[in-house]
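Chemist: whatever this is, show me its structure:
(4 chains)
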Protein chains: 4
Amino acid sequence: MLDINIKGTIPKNMEERGLNILSDNLGEIENILNQRKMPKKGLSDEKIELLLNFLANMDTDKDPKAIRVGEREARISSEIHKKLSSNFCHGIGRSGNLVDPQPKAPGASAMYALTNKILESFLKNLNVNVNALATPVSTGMSIALCLSALKRGFLVENSKMDKDTKITTKQYSKYDGANVVIYPYASHKSPIKSTSFVGMRMRFVETKLSDKDDCVEIPVEDIISATEKELKDGKNPVILSTLTFFPPRRSDDVEEISKYCLENNIPHIINGAYAIQNHKYLDKLKKALKYRVDAIVSSTDKNLMTPIGGGIIYSKDKNFLKEVSLTYPGRASATPIVNTFVSLLSMGMDKYTYLMKEQVKNKNLLDELLVDLANKTENKKLDVDSPIASCITTKKDPIDVSAKLYNLRVTGPRGIKTTDHFGNCYMQDYKYNYVVMNASIGVKETDVINAVNKLSKVI
Amino acid sequence: MLDINIKGTIPKNMEERGLNILSDNLGEIENILNQRKMPKKGLSDEKIELLLNFLANMDTDKDPKAIRVGEREARISSEIHKKLSSNFCHGIGRSGNLVDPQPKAPGASAMYALTNKILESFLKNLNVNVNALATPVSTGMSIALCLSALKRGFLVENSKMDKDTKITTKQYSKYDGANVVIYPYASHKSPIKSTSFVGMRMRFVETKLSDKDDCVEIPVEDIISATEKELKDGKNPVILSTLTFFPPRRSDDVEEISKYCLENNIPHIINGAYAIQNHKYLDKLKKALKYRVDAIVSSTDKNLMTPIGGGIIYSKDKNFLKEVSLTYPGRASATPIVNTFVSLLSMGMDKYTYLMKEQVKNKNLLDELLVDLANKTENKKLDVDSPIASCITTKKDPIDVSAKLYNLRVTGPRGIKTTDHFGNCYMQDYKYNYVVMNASIGVKETDVINAVNKLSKVI
Amino acid sequence: MLDINIKGTIPKNMEERGLNILSDNLGEIENILNQRKMPKKGLSDEKIELLLNFLANMDTDKDPKAIRVGEREARISSEIHKKLSSNFCHGIGRSGNLVDPQPKAPGASAMYALTNKILESFLKNLNVNVNALATPVSTGMSIALCLSALKRGFLVENSKMDKDTKITTKQYSKYDGANVVIYPYASHKSPIKSTSFVGMRMRFVETKLSDKDDCVEIPVEDIISATEKELKDGKNPVILSTLTFFPPRRSDDVEEISKYCLENNIPHIINGAYAIQNHKYLDKLKKALKYRVDAIVSSTDKNLMTPIGGGIIYSKDKNFLKEVSLTYPGRASATPIVNTFVSLLSMGMDKYTYLMKEQVKNKNLLDELLVDLANKTENKKLDVDSPIASCITTKKDPIDVSAKLYNLRVTGPRGIKTTDHFGNCYMQDYKYNYVVMNASIGVKETDVINAVNKLSKVI
Amino acid sequence: MLDINIKGTIPKNMEERGLNILSDNLGEIENILNQRKMPKKGLSDEKIELLLNFLANMDTDKDPKAIRVGEREARISSEIHKKLSSNFCHGIGRSGNLVDPQPKAPGASAMYALTNKILESFLKNLNVNVNALATPVSTGMSIALCLSALKRGFLVENSKMDKDTKITTKQYSKYDGANVVIYPYASHKSPIKSTSFVGMRMRFVETKLSDKDDCVEIPVEDIISATEKELKDGKNPVILSTLTFFPPRRSDDVEEISKYCLENNIPHIINGAYAIQNHKYLDKLKKALKYRVDAIVSSTDKNLMTPIGGGIIYSKDKNFLKEVSLTYPGRASATPIVNTFVSLLSMGMDKYTYLMKEQVKNKNLLDELLVDLANKTENKKLDVDSPIASCITTKKDPIDVSAKLYNLRVTGPRGIKTTDHFGNCYMQDYKYNYVVMNASIGVKETDVINAVNKLSKVI
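Modeler: So this is what the prediction gives:
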C-alpha cells in the first residue's frame, strides 16, 4: 500500500534503520486492524490519529479523481469541520440502517464496524460476552432506540437444525411490538422522555423504603405485579429496569427481573448508564444476562470518558441489535463513534483496569472520610449500597449546603431534602436530609479529599 | 477580561501598534458576541477557533479550581476528544430540555444560544423571518423530534390583551396530540422511519403523473381528502409535506397545504432538507409561512456544508420550537451544533450569497449540457422543475449507466428504471428510463462539465 | 510497508473502492519520494503533513523499542515542540557537516536530502541549472557560511581525463583562503555584519550617480580596480556582488564581474536575496553562471514565502557547496528546512509560475499608478530599473511621508532624504527626496492600489 | 482588551460563573505577562498556545487593516508554516541586532524579550544570578557568536560615580579584539569549527592522565602557560574552557581559570553545553562567576528538552551579551526561541526540580548497575567524576560492543578504544577500552535498567 522510497538519500544502513522504525510504528496500527481487539496497552494519540487518517482517506469525498454531482457530497465550508469530524464528513449510517455500510464512505463504515468489534472485545475482557453497538446518541436517546425497536415489532429468527439431516431451516416468528413500558421508578428524566419520545405509555412502579437499610427500592414482586396487570389488559409490556442510579435508590434486582422476563417472554431493557466502570455492576449484569435481557444501555462519557454524545447498546441477542440499528432514521454524525473508538484505543485494557481499581480505592476513601465527618458532626453516613456514590446526612438545608459547595467550586454533589419526592425517588418523605457525592471512574484522590474537606465547612 | 501586559518589553510606539493589532483581531470576535448576527464577511478559521476557545474555557471542566465529584464530569481519556468536540466535553442540553442552559457548561450553553441567534439572522438575511433551532441530529431525526412533540400534545399559549384595560390575560388551550401522519408520498426512507420511530401511523397519499410536464406529483385535493378521512375517523392528523426531493417528484404545493392547515387547524411540518440553498425553494417557504407551518426541517450538511449530523428546525411559532426542544431525551453531542456555528461564521453572508449564485449558474450549465447531450444522443432532458437536479433519459439500462459512472468516479447520479416504483415515487410504470444529476450548493463547474462528459460516454 | 486490513468490515466492492482511494491519496506522496522533483501541481497541506509524518517516524526518538542513554536524545518537554519542529526533534546536521546524515535521525536526514533535490529541480524549472543547498539560516548568515568557507581555504578538485588513455586522474589544488571582501557598496547591514562575523576585512567600492538615468551604481571598472589593489597587496580578495536591492541602487553587473572573476581566479558570491521571484533577475544570474560564480545566496522567505529563517545557496560548483556545508558548527533546527520543503511542495510549479506572472502584473500596475500620481502632484516617478520596486519623488519630508503611511497601516514603504547617504547608498546628496514601494511576489493587487491611494493623501 | 459579551444567552448566575472560569483561565496567562518569571507550576499546552496566539496576533502580518508593499511581508504559502513558526512569520531580530525590537513584529519582539526574562528568572531560581540571552542557534553557533563578538572588539563601559558629588561619569575603554582561542582540548568538533568559522586561530592545550583517578585532564598551569605564550607574542587570547564533556575527560577547573582571567584581563567563555541540568555543574559555574566569565553557553535541547536548534548565552556582563546580540547578521527563525519559551512555561520550576532529582537518582542507579556488571564480568567501572555519564571497561572491541548495542536499539552509548586519541581526548593510548553511558535529564529508570541489561549481553 505504501512505498516509502528514500533510497540513496541516506546511507543504506540508516535507510534500513529508518524504515524499520517507521515499520514498527505503522505496525501498531496494522495490529489494531488485524486483531480488531481492545489493545492491552493504549496507543499514542499520534498513532490513533494516523489510523483515523488512513480510514478517512478511503471516503469518496477524499477521492482525488472524484466528480461529484450528488445532492450530498460531504462538502465542507471550513477546515475546522475536518477536526470536528475526524474528516469523516459523510457521517455514519444509511437511510436504511445505522450500521449499514455507506457506499460514499467506505472508511467511515469500516471505522464503525471496527469500533463495534473492539467494543465487544473490551466487554469480553470484562467477562461480559455480548454483541455491542456503539450509538451516535447518549443514554436517553439510546434507550429510545431500543424501545422503538421493541414497539415496532419485527420478525424473530428461530432457525432450527434437524439433528438427523443436519439441515438448518430458517424460521421466523413475529414479535408483535411492545406498547407499554414498566418502569420501576427512578427520578431520571431521560428514560421517561425516551418513552414519551417513541410514543409509548409508561407505567411507574413505586419505590418503598427498605427495612434492612437506608435504601429506597422496588420489590421485584411489585414489578411483576404491574407487568401482570398490563398483560391482563391485553397489552405488550416491556420492563425498563435501572441498574445505576443515585443512592438511596437501590439498583433494581436485574437478575430476578431477567428470570421473570425469560419465563414470561417479556422484553427487558436495562439502563446501566454507568455500569461498565465497576465490577459490582458488571457482576449483576453477567447474572442477568443468563436469563432475558434484550439490551443494556450504557453511556460512553460516563464509562469511557468521551465527551458527551455517545451510547453503547449491548446484548447477547445479535438480531435485536440489528433491529435497534434499523430503527435510526437517516445518517448521523460520526463524531460520537470516533470518540468511542479513540477512548478504547487510547486507554487500552491496562489503563482501564487501572482506572477501575482507582475508582474502587477512591470510593473507599470517600466512605472513610464521610464516616469520619459524620462522627465529628453527629451526622450519619447512610447505609446504602452504591459502588459509586455515598450519602451523608446534614442538619442544615441540603439545598443550601450544595449551593455553598457549588460556590466553593465543588461540582457534582446533590443535596436532597426529606420532602423532595422526586429527588428521593420516593412518594413519601424520606428519613433524612442528605448530600450525595460520587467517586466515579476518573475521579482524583485529591478531588475526594478536597470535596469532603469543603463539605466539612458547610455541613 | 484580558490584560496583555507587555509594557517595557518593546518601545512604547511598537507596544501600542501591537496592542492595536491584537485589539482589532479580538474585535472581530467581540463583534460576533455583541451583534449575534450572521457576519457579512466570514471570519478566518483562527478567529472562529479563538472564539470557540474562549467559550469552551467557561465550562466547569476547564475550571482550574474545580473539585469534581459528580458522576459525569466531562472527563476525557485522550486529547483527541478535545478536537472532536471543540472542547465542549459536557455536550449540550439537560435532561429536561435541549436548549436549557447546562449549569456545568456555561460556555457550551452560550455557544448554543448564539448559534440559534446567528441562524435566525442568517435566515432573516434570506428573507425568512422565523425562529430557529439548530439540532444535534440530521433531517430524519429532526423530523422525528417535530412529530414527537406534536404527538405528545401540549398547552398552547393564546394570550389576549383587553383593548380597553390593556391588561393581557395568559390563556392556554390544550393541543391534544397528533396520531397520524399524512404523507404525500416521496421515496425517502428517513421521514417514514421517523414516523415509525415516534410510534405514529403514516397515511400515504399517492402520486400521479402530471399532464403538463414530466413530473410526478400529488394534487393538494388528494392530500386534503386523505386528511379529511382521518378527521372523520376521529383521528388527529398532521401533514408532513415535502419541498425538496429528486425529480421527477415535484415539490408539494406547500402554500396551498398551509392555507388548508390554517383553516382547519391541522399541524403542518415541511421537509425542506435542502431548501435553504436556492431562492426558488425559499420563495415557496416564505409564501407557506403566511399560513400554517408548525416547522420546517432542513439539513446543515446539505445547506451549510457541515459534516453530516446536524439539522435546523425553524418556524414562526416560538412555542412549538420550545416543545420540540423539550422532546429530546437527555444531553447530546455538541459537535453538530459547533459545525453549524462554524459554517455560518466561516462563510459569512457574502460567501453564502456567492455560493447561491454559483449554484444557479451551475444548474443552468448542467441543463444546457444535458440538452446538448440529449440532442446528440436522441434522448430527452426531462421537463421537470427542480432548481437543483436534472434528469435525462437513457435508452440503456439506467442502473447500468449509473454503475458505470460510479466506476468512472462520478458520485451522486441516480439511474432509475421505468419499473422502479420506489425510485420514481410512482405506483405505476414511469414514462422513461432516466438518470438524475445534481448541481447543489458547492458543486464546482468542472464537476458539472466532467460529469456530463463521462455520462456522454456511457449513456 | 503498510497493510490496511479492513477485510470483512464492509462489502468487498466498497473495500476495494476504499483502498483504491487511499492508495491514490498515498500515491501523491509516493510520487514525491520517487520523483524527487518539484511537482507541477502543489500538494494539499494534509498530504504534505502525512509525508512529513512518515519521515519523522523514522527518527530514533520515535522508535518504540529504543532504549535511550545518550546525552542528547531529542527528549521534549511539551507536545507543542512537535508542531514547531514537524517532529524532527533531532534537528539536522552532525557536528561535522550540515548535510551529513545524522544516525539518530534517518528521517530528518532523508527529508533534508529530499529538500535539496526538489530545490534543484525547482531552480532547473526556472532554467537555472545548479546544485542547491537549503540552509537553516537567513540570507545574512548564509552569506557568512559562504565567506567562511572561502576564508578557510580548501582543496579544489581538478580532475583531468587524458584524451588518449581515457584515464581520469583526480588532482587537487589548494585554495588558500580569502581574506578580504570586495563589496560594491549597498546599504544592507547583513552582508557587512556577515563579513565581520567571519572575521574578514571588507573593502567598500563606492557608488556613483548614473548619467543615463536616476540610478546609483558601481562601474565594474571600479570593482576591478579595488580588487586589483588588494591583489597587489598580496591579499586574497573575494567579490560579494549585489543583484537585488532597493532602487535607486542598480543591480551590480554580475555577468561582467563573473567574467573578470573567471579570468582572474577570484571567488565570487552573489547576494540575490530576492532574485528567484523574477525572470529579469534570473536571466542575469543565468548569464553570470556561465563564468565564475562560487555561490548565489537567496532568501526562502522572500522568494518562497516561508516564515523568516531559511536560506538557499546555489552554485554550479558542487564541491564548494560541500565546503559551505562543512563550515556550519554543529546541528541546527530542522524547522527552516521543513519550511522550504513545505513551500515547494505546497505551491508546485504551476502556482509559482502563476505568482511570478502576478508579480510582474502588479509591478506594472504599481508603475502606472505612480506615474499617474506623479503627474497629478507634479512629482516624478524615478527612472530606475528594478523589477520589484519603484520610487516616486516627494516635495515633503519623505521620512514624514513614510511615518504617515505607517500610521495608515501601510507597511513596507521606505522614505529617503537626499541627504541620507546610507539610505541612498551614495556618499553625496542624491537628487531627490523619494519614497520606495515594492510589488514583490505574493503582493495583492488591492495592496498596490490601496497603498498608492494612501500615498496620494500624504505625498 | 477583551469583552466577552454573552449577556442574556444564559442565566445571570451561570454567566458569572462562566466568565469567572474564563477569567481564571486567562489569569494564568496574565500572570506570566505580569510577573515575567519562571512559573512554579507549569502551564498546560493550551494555555501556552493561547499566550503565543495573543502575541502572534500583534505582528503586522496579522493586522486585518494592513496594506503591505514591502519586499518582505511575512507572506506564507501554506498554513503549515503557521504551526512551524507559532505564527511568528517575521522571525526575530533586525539587521542590526538579534534582540532589537522589529517594528513589523511587535509580538515576536515581546515574546523574545519575555523569553529572556523568564530564562533569567529560571537561572536565578537555580541560584545563578546572570543576564541571559536565548539564541536561535545551537551550542556550536552560539559559541561562534561569543567568539566573534570578542574578536570584533568593542567599547567597554566603565562608569564611575564620584563619591562626593554623586555624579556618574560614563567612561569607555576600548576592548581591542581577541585573535586566538586557547582551548584546553576536548574532542568536540563544534567549538573547533566555531573558532574556524569566525576566522580565529585556536591553540590547543593538551590533556594529561590524572594520577588520582582515571580521568583525562588539563592542569590549569598548562592553560595559563599557553595563554602567556600568546600574550608574549602580542596576541589577544581568549580562553574557551569546557565544563561538560564525556568522561574520562574531566571538567576544566573553571573557577581557577576564571580567577586567572580576572587577574590578567583575559576574556573567558565556558562551554557548559549540558551544565544546567545538574547542581554539581551549577555549583562550579557559580564559583567561576565570582571571577571572570564573559559568557557561558548551554544548549536548550540538552537542558530544557527542546528540539535541537536553540542555545542560551548567559553572563553577569550585560554589555557583553549586547555585543553578542549585535554580532548576528540579520533576522532569524523565531522557532528556536519559541521552543525555549515553551519548555520553560511548560515545565515550571516544580517539574524542572523534580527532573533534576530524577536525573541524580538515575545516575546513581546507572553507577550501581555498572559496578554490579563490572564485578560480574571482571571489568571495572572507571573512576571518573561526571555527574551525567559513566564508563565501564570492556575486554571486547568497544566499537563492536557499541555497534551491537545500536542493533539492540540502545541509542547513545559510545565505545572507545585505548588507541582512539580523538575519542579519549588524549594524545597517547588510554589505559582501557571502555563504553560510556549517560543518565542525562529526562532519562527514564527503565532506560537505564534496560540499557545495562543489554550491555551485559554484549560486553
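Chemist: rest of the way, CA atoms for contacts and neighbours
Modeler: Will do.
Chemist: how near is the closest residue to chain D within the stretch 301-450 of chain A to residue D:23?
Modeler: With Cα to the nearest Cα, the shortest gap between the stretch 301-450 of chain A and chain D falls at residue A:407, namely 9.0 Å. Distance, residue A:407 to residue D:23, by Cα to Cα, to the nearest Å: 16 Å.
Chemist: does chain B sit close to the helix or strand hosting residue A:448?
Modeler: Residue A:448 is located in helix A:445-458, with elements delineated by DSSP states H and E. Yes. Using Cα under 8 Å from any Cα of the partner chain, helix A:445-458 reaches chain B at A:447-448, A:450-451.
Chemist: would you turn those residues into a markdown table with distance to residue A:337, pLDDT and neighbour count?
Modeler: Below are the residues of helix A:445-458 next to chain B laid out as a markdown table (distance: Cα to Cα, whole Å; pLDDT from 0 to 100; neighbours: other Cα atoms under 10 Å in any protein chain shown):
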| residue | distance to residue A:337 | pLDDT | neighbour count |
| --- | --- | --- | --- |
| A:447 | 30 | 97 | 18 |
| A:448 | 31 | 98 | 22 |
| A:450 | 34 | 97 | 17 |
| A:451 | 33 | 98 | 24 |
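Chemist: let's have those residues in JSON lines, adding distance to residue A:61.
Modeler: Shown next, in JSON lines, are the residues of helix A:445-458 next to chain B (distance: Cα to Cα, whole Å):
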{"residue": "A:447", "distance to residue A:61": "45"}
{"residue": "A:448", "distance to residue A:61": "48"}
{"residue": "A:450", "distance to residue A:61": "50"}
{"residue": "A:451", "distance to residue A:61": "49"}
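Chemist: check whether stretch A:227-242 comes near chain B.
Modeler: No. For stretch A:227-242, no contact with chain B is found by Cα under 8 Å from any Cα; the gap never falls below 14.3 Å.
Chemist: how long is that stretch from one end to the other?
Modeler: With Cα to Cα as the measure, stretch A:227-242 spans 16 Å from end to end.
Chemist: show me what that stretch is in contact with.
Modeler: Applying Cα atoms under 8 Å, 6 or more residues apart in numbering or on different chains, the contact partners of stretch A:227-242 are A:177-184, A:186, A:251-252, A:254, A:266-272.
Chemist: give me the subset of those lying in strands.
Modeler: Among the contacts of stretch A:227-242, the members found in strands (DSSP state E) are A:180-184, A:268-271.
Chemist: let me know the closest of those residues to residue A:362.
Modeler: Nearest to residue A:362, judged by Cα to Cα, of these is residue A:271 at 24.2 Å.
Chemist: so what does the worst-scoring helix or strand of chain A on mean pLDDT touch, helix or strand wise?
Modeler: Least confident helix or strand of chain A, by mean pLDDT, DSSP states H and E, is strand A:160-161 with a mean of 73. Applying 3 or more Cα pairs under 8 Å, 6 or more residues apart in numbering or on different chains; DSSP states H and E, we find strand A:160-161 packed against strand A:168-169.
Chemist: tell me the strands beside the strand it packs on, with direction?
Modeler: Applying DSSP bridges to the sheet, strand A:168-169 is found paired with strand A:160-161 (antiparallel).
Chemist: quick one on the thing from earlier: just give me the neighbour total for the residue of the stretch 301-450 of chain A closest to chain D.
Modeler: Other residues lying near residue A:407 total 11 when counted by other Cα atoms under 10 Å in any protein chain shown.
Chemist: measure residue A:409 to residue C:175 for me?
Modeler: Computed as Cα to Cα, the residue A:409 to residue C:175 distance reads 74 Å.
Chemist: which of these two has more residues huddled nearby?
Modeler: Neighbour count, other Cα under 10 Å: between residue A:409 and residue C:175, residue A:409 has more, with 20 against 14.
Chemist: model confidence for that one, exactly?
Modeler: For residue A:409, the pLDDT comes out at 92.
Chemist: ditto for residue A:163
Modeler: The model reports residue A:163 with a pLDDT of 79.
Chemist: now do the SS call for residue A:204.
Modeler: At residue A:204 the chain is in strand, as set by DSSP: H, G, I helix; E, B strand; the rest coil.
Chemist: OK, contacts around the residue nearest to it when sequence neighbours are not counted?
Modeler: Distance criterion Cα to Cα, 6 or more residues apart in numbering or on different chains; nearest residue to residue A:204, sequence neighbours excluded, is residue A:183 at 4.8 Å. Contact analysis of residue A:183 by Cα under 8 Å, 6+ apart lists A:202-205, A:239-241.
Chemist: of these, buried ones?
Modeler: Taking 16 or more other Cα atoms under 10 Å in any protein chain shown as the criterion, what is buried in the contacts of residue A:183 is A:202-203, A:205, A:239-241.
Chemist: and for residue A:195, the neighbour number?
Modeler: Neighbours of residue A:195 under the rule other Cα under 10 Å: 27.
Chemist: quick check: residues of the stretch 251-400 of chain A near chain B?
Modeler: Taking Cα under 8 Å from any Cα as the criterion, the stretch 251-400 of chain A approaches chain B at residues A:301-302, A:304-310, A:327-336, A:339, A:342-343, A:346-347, A:388.
Chemist: just the ones of those in helices?
Modeler: A:301-302, A:304, A:327, A:335-336, A:339, A:342-343, A:346-347 (DSSP state H).
Chemist: lowest-confidence one in these?
Modeler: residue A:327 (93).
Chemist: now that residue, nearest residue through space, not along the chain?
Modeler: Excluding the flanking residues, the one nearest residue A:327 by Cα to Cα, 6+ apart is residue A:149, at 6.0 Å.
Chemist: that neighbour touches residue A:323, doesn't it?
Modeler: Yes. Using Cα atoms under 8 Å, residue A:149 is in contact with residue A:323, at 5.8 Å.
Chemist: where does chain A have low pLDDT?
Modeler: In the predicted model of chain A, residues A:96, A:158-159 satisfy pLDDT under 70.
Chemist: residue numbers of the stretch 51-200 of chain A in contact with chain C?
Modeler: Residues of the stretch 51-200 of chain A found near chain C, taking Cα under 8 Å from any Cα as the criterion, are A:54-55, A:57-60, A:62-64, A:101, A:103, A:105-107, A:109-110, A:113-114.
Chemist: now with 6 Å, please.
Modeler: Residues of the stretch 51-200 of chain A found near chain C (Cα under 6 Å from any Cα of the partner chain) are A:57-58, A:63, A:106, A:110, A:113.
Chemist: for these, work out which two are farthest apart.
Modeler: So, those by Cα to Cα: farthest apart are A:63 and A:113, at 21.3 Å.
Chemist: residue in the stretch 1-150 of chain A with the shortest distance to chain D?
Modeler: residue A:17 (9.0 Å).
Chemist: the helix or strand containing that residue and chain C in contact?
Modeler: Here residue A:17, judged by DSSP H and E, is contained in helix A:12-35. Yes. Helix A:12-35 reaches chain C (Cα under 6 Å from any Cα) through A:14, A:18, A:21-22, A:33.
Chemist: relative to the whole chain's centre, how far out is the helix or strand that that helix is followed by?
Modeler: Downstream of helix A:12-35, the first helix or strand assigned by DSSP H and E is helix A:45-56. Centroid separation for helix A:45-56 versus its chain: 24 Å, with Cα atoms, centre = their mean, to the nearest Å.
Chemist: what packs against helix A:45-56?
Modeler: For helix A:45-56, not one helix or strand is in contact under the criterion 3 or more Cα pairs under 6 Å, 6 or more residues apart in numbering or on different chains; DSSP states H and E.
Chemist: tell me the contacts of the closest residue to residue A:293 other than its chain neighbours?
Modeler: Spatial nearest neighbour of residue A:293, excluding adjacent residues (Cα to Cα, 6+ apart): residue A:268 at 5.1 Å. Counting by Cα atoms under 6 Å, 6 or more residues apart in numbering or on different chains, residue A:268 touches A:238-239, A:293-294.
Chemist: perfect, that will be all.
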